[in-house]
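Engineer: have a look at this prediction, sequence included:
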Amino acid sequence: MNILELRGISKIYGQLSALSEIDLDVAQGEWLAIMGPSGSGKTTVMNIIGCLDKPSCGSVVLDGQELSALSADELTAIRRDKIGLIFQQFHLISYLTALENVMVAQYYHSLVDEKEALAALDRVGLADRAKHLPRQLSGGEQQRVCIARALINYPSIILADEPTGNLDEANERVVMDILHQLHREGSTIVVVTHAPEVAAHAERTVVLEYGKIARIVLGGDPSKAPEVGEACGAGA
Amino acid sequence: MIKKNNSFLLKILLSSIVRRRSRLMVALVGIAIGATVLLGMVTLCYDIPRQMSREFRSYGANMILVAAGRESLMMRADIENAAALLPPEKVLGLTPYRYETVRSNMLPYTAVGVDFAQVRKTSPYWHVTGQWPERDGEILIGADVAEFTRLVPGRGLTLEGRNKEQARYEKDVTVTGLLKTGGVEDGFIFMSLESMEEMTGEPGFVDVAEISVMASGRELRDLAEAVRSGQSRVEARLVKRVTQSEETVLGKLKTLVYLVTVIVLVLTMICVATTMMTVVMERRREIGLKKAIGAENRSIAREFLAEGLILGLLGGLLGSACGLLFAQVISANVFNRSVTVEFYLIPATVLVSALVTIIACLIPVRRAVDVEPALVLRGE
Amino acid sequence: MFWKMLNGALVRRKGKLVMIAFAVGLGVSLATAMLNVMFDVGDKVNQELKTYGANLTVVPRGASLMDELYSLEGDSAEPPRAEKYIAEADLHKIKMIFWAYNIVDFAPYLETAVKGGGQEISLVGTWFNKHLELPTGDEVDAGMNGLKTWWDIRGQGGDDADETGVLVGEALALRLGLGPGDSFPIESLDGQVGATVKIRGVFHSGGVEDEQIFAPLKLSQDLSGRPGLVQKVEVSALTTPENDLARRAAQDPGSLSRMEWDTWYCTAYISSIAYQIEEIIPGTRVKPVLQVAESEGAILEKTQLLMLLLTVLAMACSALAISNLVTANVMERSAEIGLLKALGATNSAISILMLTEILITAFIGGALGYFAGLGFAQLIGHGVFDSAVEVKGLVIPLTVVLVFLVTALGSLPAVRMLLRLRPTEVLHGR
C-alpha cells in the first residue's frame, strides 16, 4: 500500500519551471532517498511532500487523502498530524530546552506529555541532556533533538532535508543509526540529500535532474544505476 | 489535560522572556519609555491648566464683592457670610477695602483701610519699599503721594477728618513703607482696617472686597452666581479685565499643551511600535519553524499576543512609575508644587501600553505568519 | 571593500534600515517641533498677554496725583491746582523710540466732567483707532480698541472718523435710559460749549468705566477747553521679563556701568522702554503698571520654563527610544557579525562599518524628520496662536548634534555586545 502518491506534479515559480510532470509513489514503511544536484528540484519536491508548499498542477495523495484542494490551514493540520520534519539547520527554538523543544510539537499537535517527550529523547540517546538549551548542545545532539521532535506525534512520513549536512562523520553515523532503527520499527522515511553516502542507506533512490526524474535506483548507490522505470513501483 | 497545555504555554512564554533577556530588555525599555511619556504628559496635561490658573492669580483679584442694591457700604460680617459660600480651597485671598477722605496739613488724601496679610495674596504685584505696617498707627503711602509730600519711611504725620456722624477725628501715624503699583494705588494712603476703625470710630464698614479665586471661565461665573443667590446683602462681580484675559490666554496655553501632548504621544507610540516590530521581526524564523511543525496561525498569534500582553503590562507599570517622576520633576521645577495625580490614569496607561505593544507585535507576526514556512526555513 | 559592504547594507537591507531612519526621523521631527515652538513660545504668549491691556502709563511729570484723588471723591469744593498735560502732537513719538516695534498699541485719555441728562457725567476723550503717519514714513494705527479687548460692546465699536459718536458705559446707559443709536445733548459744566452726541455702542467693562462716556479726543478737548492736550497715555508694549539688572536700572539708571547701561537700554525691559519714552517726550513720567507688567513676567517665565522642560524630557525620551531601536536593530545582525568575525574582521573594522551605516541612515531619516517637524511646529502655531511659528536656524545644528549623539551612543551598547560575541557561538549555536 502506498502511503504517498504524486501524480503529474509540476511547480512553476514565475517563468522558472522547478518541477515538471513528476510521478512518484512511496510505500508504507519504505525508506526513499531523493537525490540530485543543486537546482534539480529536490527542495521543491520535499516542500510538496512535507505540505509546506502546493504544486502548480498535479495531485498529491497522502495517506489516502487528496491534498491539492486543501486550504493553507487544512494543510497545516495535515502537516501536524502526518509529517515529521528534520532540518539541515536543526531549527530548534533557542530559548527552550531540548525537552521543551520536543514538547512544542506536542503542544501544537494536541496535548503536552512530558514523560512521552522524555521517552522520545531517550530513544535518540539524549535523556540526560533534556534540560540543556540548544546552544549548550553539539550539532549532532541538536539534530537528535530535532529527530525526537519529528517523532513525537507518530507521523506517517518522516521527512529529512539534508539531515547530516551540518554534521561531522561521527555524528552522521549516530543520526543515520537512529534513522535505521526507525525504519526497522516500520516508519516511512524520505530523505532529501545530495550526498550519495547518505542516499546509500535508502532502499530506493530517486534521482532528479532539471526538474524531472532522471532515474530510479533500487538499493542505495545511484552510481550503479540501471535504467529509468525499471524499478518503478518497487516495494509496493 | 487542557490545563497541562496551558501551563506549558505559560512555560514557553516565561522561557521566552527569561532566556531572551537582553532582547526583551530592549522591548521593555521601549514600552516603558512610551508609558513614561504617556502618563507623564497626560498627568501634566491635566495639571498644567490648574497650575497655570494659580500663576494667573498674580494678576490679582478676579472677583469683587460690593454692597447690593442702593447701599454703598457693607458690614464685614456680610462679607464673611458671602465668602463662606465659596469653597475655601478655591479662595487664595480676600481683602476688604474701606475708603475714607482724610486731610493732612490741609491737603486732602484718600486713606484706604485694608488687611495687609490678605492684600499680599490678592495683589501680589504690590511693590513696597521699606516695611509693611504691622502695628496700629503705621501706614504705607503711595509712590505719587511720597513724591508730592516728600515723605519717607520713618516720618510721622497727622491725619484728620470727619466720620459719617460729622464727628471730628485725628490720628498720628508713621510711614513705614512706600507702595508702588503704577496704578491708582500710587495716590493713596494705606492703613490696616483696625487702625482705620479706631481712627474714625466707625466699626465694621467696608466699601469693597477683592477676592482672588482659583477658577476661571464658567466655573468662576458659577461661583459668582452662587454668592449672588446665596445671600442678598452683597453682590459678587467679576473683574472683567482679569477674567476675560485669563480665559483667553489660559485657553491658548491649554490648547498648546494638548497639542504638544498629542504630537509627543503619537510619535512616541510609533517609536514603541517600531521597536517592538524590530524585536519581533527577528523571530520570523522561529515562526516559520512553528508553522512547519504544525502550528496554526491562530496559536502563533495567541502566543505573541500573550507575550506582548506580559511585556506591555510590565513595561506599562515600569513606565507609570517613571512617568509620575517625570511629571513630578516638571511640576516641581516650573510651579514649585507637587503634581496632582489622577489615579485612574495609571491603570489606563498600563492598558494602553499593553494595547500598543500587542498591536505592534501583531503587525510583524501577521506578516511572518503569511509567509510560507518553506521560504522562512530555507532562507539563511 | 568597506564602501562596497556599506553600500550593500544600505541598499539591500533597506527594510531594516528604513526602520532606523523612520525612528530617527520621528525623533528629529519631535525635537524640531518642540525646539521651534519652545524658542517662539515666549513671543507668542507675550502677544497673547497683551489682552490684559496696557502695561505702561504716561503721565505729565508732577501732576499725576491730583486728578485721581478728585475723581474718586468728586470733591469739587477744593480749589483746583495747577494741572499739567501732555501735548497730543507729541504722542506719535512713542512709536519712534528704540523699541518702537515692541509698542503694540497706545491711547491717550482726557477726562472732563460734562452735564447731560440732568446729571454730571464723566466724559473721557480718547483715540479709538487713530491712523498716524510718522515722520519716519511708517504708518500705524493706535487707539483704545486694541487696548481694552475685554470690553463687551453692544452696538458698534468706537471710531475716530465719527466725531460725535461715543461709547457709553453700561451702568450710565441704564441710568440715562439710553441705548445704541440714541442721541442726546451734553454741555460743559460752565454751559459755554455744547454738543449732541450719538451713542455708537454701550459697553460693559466691569470697572469704573461703566459710569463713563468715551468720546473722540477732539470732543473732550473742545468741551474742557484744553485743545491739543491729553492727561495720560496708556501704552501696551512687548517686554522681556525683568531680571536683576532691570530692577537695579528701574531704581536708578545712573547706578549702572557703561556696559550694563547699554545692555539694559538695548533690551526690551519694561523699565528701559519707560525710560526711552520719558526721553523722547520730555516732561512726562512713565510708570509701569505693575499688576500687568509683573504678572506678564511671571507667566512668561513659567511658560518658557515649562516648554523648555517638556522639550528636554520629550527629547530625552525620543533619544532613548531611538537608541533602543538601534540596539534592537544591531542585535538582530548577530549572525552577520559572527560571520564577519569568522572571516577575520577586527572589532574596530566591524564597529566602524556598523556606526557609519547607522549614522548615514540616521542622517537621511533626520533630514526628512526635520521637515516633518517644521510641519508639526506650524500645526501647533496655527492651531494655538493662529500665526506661524518662526523657524529658527539654530534648531538645525542642535538637531544634527542630537542625531549624532543619539545614534552613536545608542548603537554603542549594542556594538559592544556584538563584539563580545564569539563567532563559533553565533554560527553554530543559534
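Structural biologist: Here it is on my side, so go on.
Engineer: could you pull out the helices in chain A for me?
Structural biologist: Taking DSSP state H, the helices of chain A run over residues A:42-49, A:72-82, A:98-109, A:114-123, A:139-151, A:169-184, A:196-199.
Engineer: residues near the closest residue to chain A within the stretch 101-250 of chain C, how many?
Structural biologist: Nearest residue of the stretch 101-250 of chain C to chain A: C:Pro241, at 57.6 Å (Cβ to the nearest Cβ). C-beta coordinates here come from the backbone N, C-alpha and C atoms, glycine included. By other Cβ atoms under 10 Å in any protein chain shown, the residues close to C:Pro241 number 19.
Engineer: tell me the pLDDT of the residue of chain A found nearest chain C.
Structural biologist: Proximity of chain A to chain C (Cβ to the nearest Cβ) peaks at A:Arg135, 3.7 Å away. pLDDT, the model's per-residue confidence, is 84 for A:Arg135.
Engineer: what's the answer for C:Leu339, then?
Structural biologist: Predicted confidence (pLDDT) at C:Leu339: the value is 70.
Engineer: remind me which helix or strand it belongs to.
Structural biologist: Using DSSP states H and E, C:Leu339 sits in helix C:334-342.
Engineer: tell me what that helix is packed against?
Structural biologist: helix C:347-380, helix C:423-424 (3 or more Cβ pairs under 8 Å, 6 or more residues apart in numbering or on different chains; DSSP states H and E).
Engineer: can you redo those helices as TSV with mean pLDDT?
Structural biologist: Below are these laid out as TSV (pLDDT from 0 to 100):
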stretch	mean pLDDT
helix C:347-380	84
helix C:423-424	60
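Engineer: residue contacts, residue 31?
Structural biologist: I went with chain A, as the question did not name one. Each residue near A:Trp31 by Cβ atoms under 8 Å, 6 or more residues apart in numbering or on different chains is listed here: A:Leu179, A:His183, A:Thr188, A:Ile189, A:Val191, A:His201, A:Ala202, A:Glu203, A:Arg204.
Engineer: actually it's chain B I care about, not the one you picked
Structural biologist: So B:Ile31 contacts B:Val272, B:Met276, B:Leu311, B:Gly312, B:Leu314, B:Gly315, B:Gly316, B:Leu318, B:Gly319, B:Ser353, B:Val356, B:Thr357 (Cβ under 8 Å, 6+ apart).
Engineer: could you check the distance from the residue nearest to it when sequence neighbours are not counted over to B:Ala35?
Structural biologist: Of all residues not flanking B:Ile31 in the chain, B:Gly315 sits nearest, at 2.8 Å (Cβ to Cβ, 6 or more residues apart in numbering or on different chains). Plainly put, B:Gly315 is 6 Å away from B:Ala35 if you go by Cβ to Cβ, to the nearest Å.
Engineer: wait, C:Gly27 sits on C:Ala372?
Structural biologist: No: with contact defined as Cβ atoms under 8 Å, C:Gly27 does not count as touching C:Ala372 (10.7 Å).
Engineer: residues of the stretch 51-200 of chain B that sit close to chain C?
Structural biologist: Neighbours of chain C within the stretch 51-200 of chain B, by Cβ under 8 Å from any Cβ of the partner chain: B:52, B:55-56, B:58-60, B:99, B:101, B:108-110, B:123-127, B:144-145, B:147-148, B:180-184, B:186-187.
Engineer: drop anything exposed from the residues you listed.
Structural biologist: B:52, B:55-56, B:58-60, B:99, B:108-110, B:123-127, B:144-145, B:147-148, B:180-183, B:186-187 (16 or more other Cβ atoms under 10 Å in any protein chain shown).
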